[in-house]
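Asker: take this sequence and fold it.
(one chain, ligands or ions: 2)
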Amino acid sequence: ALGLLEDKVLAGQRVLLTAGPTYEPIDTVRGITNISSGKMGYALARACRDAGAEVTLVSGPTGMAAPAGVRRVDVQSARDMQDAVLAEAARCDVFVAVAAVADYRVTNRSEHKLKKGDAPPVLELTENPDILATIASLPAAPFCVGFAAESRNLLEYADAKRRRKQVPLLVANLAQQAMGADDNEVVLLDDTGNHPLPAMPKRDVARAIVHHLAALLSKRAA
Ligand code: CTP
Ligand code: CA
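Answerer: Ligands and ions are numbered 1, 2, ... in the order given. Below you'll find the predicted structure:
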């Protein structure tokens with residue numbers, strides 16, 4: 001029982017997470033999305049819950065059930081996700097952005113299903129809001145944790161991303177390795193440098209991230 005209590009490293013913390021892909025409609029039946037199973041985000045939501053946190057998960061479409069004891073808000077598009085996150089941000093101590101947010105949305109979506117007989121549509125795209133950067137720049141910003149999915153130059157790109165978004169902790173992984181898989185190999189980047197973790201099941205990666213996060217929070221509080 002003592003061991004369990006010692007593991008409650010996030011007791012009293014309110015944690016808000018995003019997970020899964022977003023879906024940006026082209027017409028009533030088609031859309032643009034990212035490849036994301038949601039497994040890493042859901043694993044982190046569970047790990048935060050197990051560490052004693054009060055957890056809210058803003059989730060894109062994943063087909064997964066909400067983890068027990070976690071409050072889930074379902075969203076489709078990046079803008080829906082941003083609205084849901086902004087509605088919760090003031091009530092959280094920690095924000096973890098795991099979602100694979102579509103970087104662009106379609107501005108000329110069709111209100112009806114496109115038909116093949118018509119000329120092929122030309123999609124107009126515009127950039128979506130950066131949810132993590134938005135939250136990190138709030139005056140009373142929660143402690144922000146970001147992810148970086150890169151396909152090459154992992155540490156260089158991830159470090160630049162951490163600086164650009166001004167987040168104290170960023171989790172970097174190779175997209176082609178992580179996508180859909182049950183295991184993941186990540187590097188944690190913070191003010192003290194790079195901390196590589198071994199490849200392991202996402203559940204264990206999530207627990208390791210939670211412990212690193214808890215250590216940074218207690219350092220900050222000291
Ligand atoms: N993110 C976000 N909102 C966006 C895009 C990304 O909150 N519109 C978050 C992701 O959840 C992740 C981090 O920002 O925590 C990095 O996402 P990533 O796609 O790797 O970075 P981008 O800033 O979108 O840059 P790029 O895709 O060009 O590498
Ligand atoms: Ca992106």
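Asker: can we go C-alpha only for contacts and neighbour counts from here?
Answerer: Noted.
Asker: which strand is the longest one in the chain?
Answerer: Longest strand in the chain by number of residues, with DSSP state E as the criterion: strand 143-150.
Asker: that one pairs with which strands?
Answerer: Sheet partners assigned to strand 143-150 using DSSP bridges are listed as strand 94-97 (parallel), strand 169-174 (parallel).
Asker: and it, what's its mean pLDDT?
Answerer: For strand 143-150, the mean pLDDT works out to 96.
Asker: let's see that strand as PDB, backbone CA atoms only.
Answerer: The C-alpha trace of strand 143-150 is given here as PDB (Å, rounded to 0.1, in the frame of the first residue of the first chain):
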ATOM      1  CA  PHE A 143       2.900  23.500 -17.300                       C
ATOM      2  CA  CYS A 144       3.000  22.400 -20.900                       C
ATOM      3  CA  VAL A 145       4.300  19.200 -22.400                       C
ATOM      4  CA  GLY A 146       4.500  18.700 -26.100                       C
ATOM      5  CA  PHE A 147       5.200  15.900 -28.500                       C
ATOM      6  CA  ALA A 148       7.200  16.000 -31.700                       C
ATOM      7  CA  ALA A 149       6.800  13.400 -34.400                       C
ATOM      8  CA  GLU A 150       9.600  13.700 -36.800                       C
END
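Asker: follow-up on the earlier one: same list (the strands paired with strand 143-150) but as a markdown table, adding distance to residue 61, mean pLDDT and mean neighbour count.
Answerer: Below are the strands paired with strand 143-150 laid out as a markdown table (distance: least, CA to CA, whole Å; pLDDT from 0 to 100; neighbours: other CA atoms under 10 Å):
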| stretch | distance to residue 61 | mean pLDDT | mean neighbour count |
| --- | --- | --- | --- |
| strand 94-97 | 15 | 98 | 23 |
| strand 169-174 | 22 | 96 | 23 |
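Asker: closest one to ligand 1 among these?
Answerer: Closest to ligand 1 of these is strand 94-97 (CA to the nearest ligand atom; 4.1 Å).
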